[in-house]
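In: Here is a sequence together with a model predicted from it:
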Amino acid sequence: MPTFYYQALNQSGKRCKGTLDSESQARAFSDLQAKGLTPLKLSKVSQERAKSKLSISIPWRTSIRVEEAFYYLGLMLQGGTSLAQGLELLGRMDQTRASRIWLEIRDSVESGVSFSKSLHQHPRLFPQVYIGMIQVAERTGRLGQILERIAAYEERRQEVQSKMLTALAYPLVIVLIGLGAVYFLLANVLPRIAGIFTASDQDLPGHTRILLNLSEWMREYGFILPILVLLLGLGAYNAYRSLQRVRFRVDEQLWKIPVLRDIILARFSGLLAFQLTAGISLVQAMRGALQGVDSSFFRHRMDQAAHEVATGQALDTVLAKLDFLPPMYLTALGAGQKAGQLPGFLERLGRILEHKVDNTSRRIIGLIEPLLILVLGLVVGFFVLAVMGPIFDLTSQI
């Protein structure tokens, strides 16, 4: 049975801490409440120790861990705690600026503003798709359950994202080391050797002359290159974000790349299934799920589909007519709709696509890693041949 570390408030309002053996985190939370304690923090002992060793608190950074905060708030609401009191406890659980955000939301709720509208005042911290679900949950009286589901979904989403970033870390390090090594050789090592070639007045091979000219250019104007690359990157990013036509065309081309298409479909399917399970209508769930997708091309096409579904047409028929989704996806979607189990089918589709993206990414990165090492070796080999060949010729003449 796992052991949980907790920090809580007793009935007199004093903070206390300790450990508790329980079957699960939810059961431990309930056990603490049964003892008259209000949990502020609850985690497995092993996780707590890991956090104390690895995490660094940055007091000036405002960040909200949605999965953790919504999980605790959902459990408190289901345990009978009022929303305002739960928000106050969230504010007291953290000593960073995040606590101020929760206390501001508590003040807003106590003044008569709904919880969803209070969250909407912080759009950078809380995704709009979650705010929409909370708004529906407030009307149905299921706020605690929905918050717990949002926490579970957000935790799974971050886990998938973390795997992707971890897989990309090694190739990125190789690229940075390779570029740094090439820049160091061209800007610092080669200029010192160039004097030997100049003094010897020997006829140099073509690849050596190219390397010397490149080294001289790097020494004179090399500092301009990273600035130019940065400006071009910022210009392209700004054009993509601000010009709708450019963004649509780029997203349309990116949609044709299978792995990127699967990432978008996995995200959309998961969000759509999540909202349908929470009791949101199909059209509203489609438009809410689109708020969690970055592709303007996909959002435009799915918004067209949502508009036609609102007129009474079947979802699979509308999507088949628009003809931009993979046939396998349409087949599974149609089967789920006919069986009356669309949320379940969508959730399984999302998980299948996530698994497919994970496998594809691993294969691609597995091919990229040796390719990058080979390219780096060829570059260094070219440098060695271009420099050492003339030096050997010069020593043989002596």
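Out: Yep, it's here. What you see is a predicted model, and the numbers here were worked out from it, not measured in a lab.
In: my guess is residue 279 is in a helix, correct?
Out: No: in this structure, residue 279 is coil, not part of a helix, as judged by DSSP: H, G, I helix; E, B strand; the rest coil.
In: Identify the residue spatially nearest to it, adjacent ones excluded.
Out: Nearest residue to residue 279, sequence neighbours excluded (Cβ to Cβ, 6 or more residues apart in numbering): residue 140, at 6.0 Å. Placement of C-beta: from N, CA and C, glycine included.
In: if I look at residue 307, how far off is residue 28?
Out: Remark: distance between residue 307 and residue 28 (Cβ to Cβ, to the nearest Å) = 47 Å.
In: Show me which of those two is the more surrounded one.
Out: Set side by side, residue 307 and residue 28 show more neighbours around residue 28, with 23 against 14, by other Cβ atoms under 10 Å.
In: element containing the more buried one, please.
Out: helix 25-34 (DSSP states H and E).
In: can you list contacts of that helix?
Out: Contact partners of helix 25-34, identified using Cβ atoms under 8 Å, 6 or more residues apart in numbering, comprise 4, 6, 8, 20, 22, 38-39, 42-44, 75, 79.
In: which parts of that helix are buried?
Out: Buried residues in helix 25-34, counted by 16 or more other Cβ atoms under 10 Å: 25-26, 28-33.
In: cool, stretch 182-194 as well?
Out: Within stretch 182-194, the residues that qualify as buried are 185-186, 190, 193-194, counting by 16+ other Cβ under 10 Å.
In: Reformat these into TSV and put distance to residue 295, secondary structure and pLDDT next to each item.
Out: Output for these, formatted as TSV (distance: Cβ to Cβ, whole Å; DSSP: H, G, I helix; E, B strand; the rest coil; pLDDT from 0 to 100):
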residue	distance to residue 295	secondary structure	pLDDT
185	41	helix	75
186	39	helix	75
190	45	helix	74
193	50	helix	73
194	50	helix	69
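In: re earlier: just the C-alphas of the helix holding residue 28, formatted as PDB.
Out: In PDB, the C-alpha atoms belonging to helix 25-34 read as follows (Å, rounded to 0.1, in the frame of the first residue of the first chain):
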ATOM      1  CA  GLN A  25      -4.600   9.500  -3.600                       C
ATOM      2  CA  ALA A  26      -8.400  10.000  -3.700                       C
ATOM      3  CA  ARG A  27      -8.900   7.600  -0.800                       C
ATOM      4  CA  ALA A  28      -6.100   9.300   1.200                       C
ATOM      5  CA  PHE A  29      -7.800  12.700   0.500                       C
ATOM      6  CA  SER A  30     -11.100  11.300   1.900                       C
ATOM      7  CA  ASP A  31      -9.400   9.700   4.900                       C
ATOM      8  CA  LEU A  32      -7.900  13.100   5.800                       C
ATOM      9  CA  GLN A  33     -11.200  14.800   5.500                       C
ATOM     10  CA  ALA A  34     -12.800  12.200   7.800                       C
END
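In: average pLDDT for that helix?
Out: What helix 25-34 shows for mean pLDDT is 74.
In: Tell me where this structure has strands.
Out: Chain-ordered strands for the chain, with DSSP state E as the definition, fall at 3-9, 15-21, 38-44.
In: who does the first one pair up with?
Out: The reference is to strand 3-9. Here strand 3-9 has these sheet partners by DSSP bridges: strand 15-21 (antiparallel), strand 38-44 (antiparallel).
In: For residue 178, find the nearest of these.
Out: strand 38-44 (40.6 Å; Cβ to Cβ).
In: so how many other residues sit close to the residue nearest to residue 361 when sequence neighbours are not counted?
Out: Spatial nearest neighbour of residue 361, excluding adjacent residues (Cβ to Cβ, 6+ apart): residue 167 at 5.7 Å. Using other Cβ under 10 Å, residue 167 has 15 other residues around it.
In: Where in this structure is the helix or strand with the lowest mean pLDDT?
Out: Each helix and strand of the chain was given a mean pLDDT (mean pLDDT, DSSP states H and E); the minimum falls on helix 45-54 at a mean of 40.
In: low pLDDT regions in the stretch 151-300 of the chain?
Out: Applying pLDDT under 70 to the stretch 151-300 of the chain picks out residues 194-204, 222.
In: run the last query once more with 90
Out: Counting by pLDDT under 90, the stretch 151-300 of the chain has low-confidence residues at 151-230, 233, 235-247, 257-260, 262-264, 266-296.
In: unless I'm mixing things up, residue 240 is touching residue 249, no?
Out: No: using Cβ atoms under 8 Å as the test, residue 240 is too far from residue 249 to be in contact (9.8 Å).
In: Quick check: end-to-end length of stretch 114-132?
Out: Using Cα to Cα, to the nearest Å, the end-to-end distance of stretch 114-132 comes to 12 Å.
In: show me what contacts the most centrally placed residue in the chain?
Out: For the chain, the residue nearest the mean C-alpha position is residue 161 (4.8 Å; Cα atoms, centre = their mean). Listed by Cβ under 8 Å, 6+ apart, the contact set of residue 161 is empty.
In: Quick check: it vs residue 34, distance?
Out: In this view, residue 161 and residue 34 are 36 Å apart by Cβ to Cβ.
In: so what's the closest residue to residue 151 other than its chain neighbours scoring on pLDDT?
Out: Excluding its sequence neighbours, the residue lying closest to residue 151 (Cβ to Cβ, 6+ apart) is residue 71, at 3.7 Å. For residue 71, the model assigns a pLDDT of 85.
In: what's the burial count for residue 71?
Out: If you count neighbours by other Cβ under 10 Å, residue 71 ends up with 23.
In: Just confirm it contacts residue 146, I think it does.
Out: No: between residue 71 and residue 146 there is no contact, the gap being 11.8 Å when judged by Cβ under 8 Å.
In: about what we covered before: quick one: the buried residues of stretch 182-194 as JSON lines, columns for distance to residue 355 too.
Out: As requested, these are exported to JSON lines (distance: Cβ to Cβ, whole Å):
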{"residue": "185", "distance to residue 355": "43"}
{"residue": "186", "distance to residue 355": "44"}
{"residue": "190", "distance to residue 355": "48"}
{"residue": "193", "distance to residue 355": "52"}
{"residue": "194", "distance to residue 355": "54"}
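In: Done for today, thanks.
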